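K.L.:
Got a sequence here, can you model it:
(2 chains)
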Amino acid sequence: MTEPIVVTDAALDELEASRTFEAFYQAEAQTLFRRLWLVTGNRAEAEELMQDAFLRVWERWDRVGPMDDPLGYLYRTAMNLFRKRYRRTMLAVRRTVGLAPSNDDFSDAEDRHVVRHVLATLPPRQRAALVLTEMLGFTSKEAGSALGVTDATIRSLTRHGRDAFRKVMEVEDA
Amino acid sequence: MPRIADALERESRTVDLEQGDFERLLGRRERTQRNRRIRAGGVGVAVALVMGIILARSLPSDRIPADPPVEPRPAPAASGTLTYILDGDVFVADPDGSNAVKIADGISLDDCASATGFSMWGEGAMWSPDGRYLAYRRTPCPYTEEDWGDVVIADAAGNVLATFPADGWDIGWSPDSTRVAVWDTLFETVGVYGVDGARQAQIAMPSGWQPAGDHDPAWLRDGTLAVDAVELPLDGGPAGSLDQARAAEGRQDYLITIGQRAVSPDGSRAAFVDGRSLVFGRSDGTGSVTLLTAERGTFLAVIGFSPEGDRILFSKDGDRQGGGRTRELWSVGVDGSDARLVVAGTENGEWFVPSEEPGDIPAEPSVEPQPAAYPSGTLAYVLDGDVYVADPDGANAVRIADGRPEEDCAGSGEYWAEGSMWSPDGLYLAFRYSDCSDPDHAGRDVVISDAEGNVLASFPAQGWNIAWSPDSTRVAVWNVWPETIGVYGLDGTRQAELAMPPDWTNSGDDDPVWTTDGTSLNVGDLEVPLEGGTPSQAALPDRTYSPDGSQVAYVDDGALVVAAADGSGLQELVEDWPWANGTTSWSPTGDHFAFTAGGHGSTGSLHELRVLDAASGSVTLLTEAQRGTFLSVIGFSPQGDRILYSKEGDLWSIGVDGSNARFLVAGTTEGEWSPS
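P.N.:
So this is what the prediction gives:
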């Protein structure tokens, strides 16, 4: 006679939670990755930040999963991580080796990549502000909370970004 | 014109996640969980760790933090804020009595005999000298003759910080606002209590001492505690007599306490009660004029001057038609004009007046005892909205600030830190506090504490990093980003406010950084002099020298290089170094240089930790993270023998020879060893 398979309630709960989380991940990972790529201009960093954000959400899934807006929590976490990482490395580099030219994916964009050209002219924080407000529909206050700045700063950041886009798009349309 | 969102969306679709991304996430999770298990096992068992912390808290050790953790000090009230007690309730209001807010709900004395609860009352100063706290009394209802009730210490919003039983009337605030003195047993023993309600000392009056009035314990401006003319040493020594000058000061203060006299904030003017008249004049007693005279049967008591010194708050206590008394708070201009009723129904009230009198400001910096120095290399880190200190290897962690975690707090823990927390002398920590109950989560107070979590100061600020001055006596932060910078002492006093040029445009969210001589602050590309001169172009450290000045590191044509200070012996460490993701650190003696490597240009994921031996020029790969993930160098140990770094969201350390890699703390990349 074979031994009965004993699965504890706790293990079943964990399995169910994991499946729910995996479905959440599968539904949202690609989009989050792409938006983080727009912000960072670096595929490796975008995936790293995306994984960090999902890992944090996973660790708290029992509380985040039932939230009304787990997606909002995911994006706030991701942008928080981006902001921290961006500032830490900028600060470390400035202190250690001074300023250096930008070298992200957008900096060597060919002429036909108009959007990339515009993105290359924007610092990462302006890109982040645009992604949050234009693509995700965050209010300035919500975006400010995610990026650790005031809503007035978000408005300033997005204004610069929008102006840059409008200029090239109007030229394209003309 | 296409919408920006559409354009961005189209562009973003040009990149895709690589296959197997969820499996990579699974792998990271498993590694993290394994590391945590190893960490717990490394110190015995997880239970032992928890029990150790519990045991540590129960022993009289220097490592015991305040328990419960000391909350950041409340913000000071606005200058001139009125507090008063009416019908057993406590209120705060605008200086003219308007916009009153009840902060403590009590029972009027008339109803106290038949109701259950507390009736609030107060005599003398309620505001602490720094305006952060209120002290008042509460009597339990139904009232009994034997029970004096409790002292209550609260903030201006009514949040009660402490209650403890005490006798007497006035509550004596220490000049530094850190404690109060009251009668433990009337005319026999005096108790000194912290704002957390902990009794710090109990001092017996000399045998044979007879009170010459309803004296309560009071502090002189130099911090001496006295009752009448008896000096009460806080160190437990025998009580003695005040010298003549301080006895005179004590008498003047007693007159203030009982409403006979008040001194203007600048010390030059005084108001006093002469019979039924309120008199104003110079504080030396010359040039007095009568401002007003009360009707027969009405008693006046002078309470204090307005912060500007242009008005006087006083009380009236008179017969009421039909019986009883009429009690009112009034204010009047120092020229006798514009007498106004402030609050009817009470004679207990006070304006908060920030101290300006020279005698109130110690000539020397605050004489707070310095905290005990922790061993160099003590690890401080932030995790789930809390702040911890621990042994260098992460063991024996003690939570020194208890905040709400990210998921309860808009994605960022209640306590948080970016950049350096330890002061250069290793005595203090600076970190941030964002009130989670604020729906916008916009506040970002600076908290300065010692390594046991005793909060020295808390004040609102903006920005992110907190910049410690090289001499550890102050910090610089954005007051208003990116317009003004505040320089604050360890006690939270703002010592300077520096304005950025109006046309300055910031390229990023730079925080101020002190120059090594402590005379200026660098912000982005500007150097801002502390004495308020015109900001100038900063000499940006395009070359960073090792601590002994013999070596230099910089980026040359995209490569990370080191060389001798004279430029000779140039050595390329990483070609096409992805600077935006790179982190580096010199060891304290300059014999090693740690840096991240492993990626190239924009596709780089710096997952390797390498170290250069400056003497031999050899570079060693110490460790690496999973390919595709990042690793960051945080710094060297004070002895220079180990490196603190973060990997995959956790804190690690490793020997400079690559030996003995240790997992320190899971779930955070914000940590730092204290300097030597």
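
K.L.:
can you give me the helices for the chain?
P.N.:
Assuming you mean chain A. A:9-40, A:43-59, A:61-64, A:70-97, A:114-121, A:124-130, A:140-147, A:151-173 (DSSP state H).

K.L.:
looking at chain B here, not the other one
P.N.:
So, for chain B - with DSSP H - the helices run B:4-12, B:21-42, B:46-58, B:109-112, B:244-257.

K.L.:
how about the residue lying closest to B:Trp586 once chain neighbours are set aside, what does it touch?
P.N.:
In this structure, B:Trp586 finds its nearest non-sequential neighbour in B:Ser546, 4.8 Å apart by C-beta to C-beta, 6 or more residues apart in numbering or on different chains. Quick note: C-beta positions are derived from backbone N, CA and C, even for glycine. Listed by C-beta atoms under 8 Å, 6 or more residues apart in numbering or on different chains, the contact partners of B:Ser546 are B:Val552, B:Ala553, B:Trp586, B:Gly590, B:Phe593, B:Ala614.

K.L.:
So for B:Ser546, what's the pLDDT?
P.N.:
pLDDT for B:Ser546: 80.

K.L.:
do you know how far it is from chain A?
P.N.:
11 Å (C-beta to the nearest C-beta, to the nearest Å).

K.L.:
any idea how far B:Val227 is from that residue?
P.N.:
Note on B:Ser546: its distance to B:Val227, by C-beta to C-beta, to the nearest Å, is 60 Å.

K.L.:
For stretch B:382-390, the averaged confidence score.
P.N.:
92.

K.L.:
ah, wrong one, I meant stretch B:159-166
P.N.:
Throughout stretch B:159-166, pLDDT has a mean value of 88.

K.L.:
for stretch B:589-609, same thing?
P.N.:
Stretch B:589-609 comes out with an average pLDDT of 74.

K.L.:
Quick one: end-to-end distance for it.
P.N.:
Distance between the two ends of stretch B:589-609: 19 Å, counting by C-alpha to C-alpha, to the nearest Å.

K.L.:
which secondary element of the chain has the worst mean pLDDT?
P.N.:
I went with chain A, as the question did not name one. Least confident helix or strand of chain A, by mean pLDDT, DSSP states H and E, is helix A:70-97 with a mean of 69.

K.L.:
actually it's chain B I care about, not the one you picked
P.N.:
Across helices and strands of chain B (mean pLDDT, DSSP H and E), lowest is helix B:46-58: a mean of 36.

K.L.:
Look up phi and psi at B:Asp196.
P.N.:
phi -90, psi 0 (degrees, to the nearest 10).

K.L.:
Disregarding flanking residues, what is the spatial nearest neighbour of it?
P.N.:
Excluding the flanking residues, the one nearest B:Asp196 by C-beta to C-beta, 6+ apart is B:Ala162, at 5.5 Å.

K.L.:
Break chain B down into its domains, please.
P.N.:
Domains of chain B are assigned by automatic domain parsing as B:82-351, B:539-676.

K.L.:
so which of those gets nearest A:Asn42?
P.N.:
Closest approach to A:Asn42 among the domains of chain B is made by domain B:539-676 (5.5 Å; C-beta to C-beta).

K.L.:
How far does the closest one sit from its chain's centre?
P.N.:
33 Å (C-alpha atoms, centre = their mean, to the nearest Å).

K.L.:
next one: stretch B:292-309
P.N.:
37 Å.

K.L.:
could I get that stretch in CSV with only the CA atoms?
P.N.:
Extracted C-alpha coordinates of stretch B:292-309, given in CSV (Å, rounded to 0.1, in the frame of the first residue of the first chain):
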residue,chain,number,x,y,z
LEU,B,292,-5.0,99.4,33.8
THR,B,293,-6.6,99.0,37.1
ALA,B,294,-9.2,96.4,37.9
GLU,B,295,-12.5,97.0,39.6
ARG,B,296,-12.8,96.4,43.3
GLY,B,297,-13.0,92.7,44.2
THR,B,298,-11.1,91.7,41.1
PHE,B,299,-7.6,90.2,41.3
LEU,B,300,-5.2,90.4,38.4
ALA,B,301,-2.3,88.1,37.7
VAL,B,302,0.2,88.8,35.0
ILE,B,303,1.0,85.7,32.9
GLY,B,304,3.5,86.8,30.2
PHE,B,305,4.5,88.8,27.2
SER,B,306,3.8,88.0,23.6
PRO,B,307,6.8,86.7,21.6
GLU,B,308,7.1,90.2,20.1
GLY,B,309,7.0,91.8,23.5
